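J.: Sequence and predicted model, in that order:
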Amino acid sequence: MNKATQVVALLFLALMLWVFLLCKQTESVKAFV
């Protein structure tokens, strides 16, 4: 794998993780409210 592909893969994984955490946080807020 070349460098660009690795960077894109890392960014994609980071984005998925961020979205996942954001969704969990939103559910927590809804449950709290």
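T.: Now that the structure is in, tell me what you want to look at.

J.: Okay, Lys3 and Leu13: tell me how far apart.
T.: Distance from Lys3 to Leu13, counting by CB to CB, to the nearest Å: 16 Å. Just so you know, the C-beta spots here come from the backbone N, C-alpha and C atoms, and that holds for glycine as well.

J.: More neighbours: those two, which one.
T.: Between Lys3 and Leu13, Leu13 has the larger neighbour count (other CB atoms under 10 Å), namely 10 against 7.

J.: pLDDT at that one, what is it?
T.: On pLDDT, Leu13 comes in at 97.

J.: got it, and Phe32?
T.: On the pLDDT scale, Phe32 is placed at 68.

J.: One more: Lys24?
T.: Note on Lys24: pLDDT of 88.

J.: ok, and it, which helix or strand is that part of?
T.: Using DSSP states H and E, Lys24 falls within helix 3-32.

J.: mind listing what's buried in that helix?
T.: When burial is assessed from 16 or more other CB atoms under 10 Å, helix 3-32 yields no buried residues.

J.: gap between it and the chain center?
T.: 1 Å (CA atoms, centre = their mean, to the nearest Å).

J.: Nice, that's everything, thank you.
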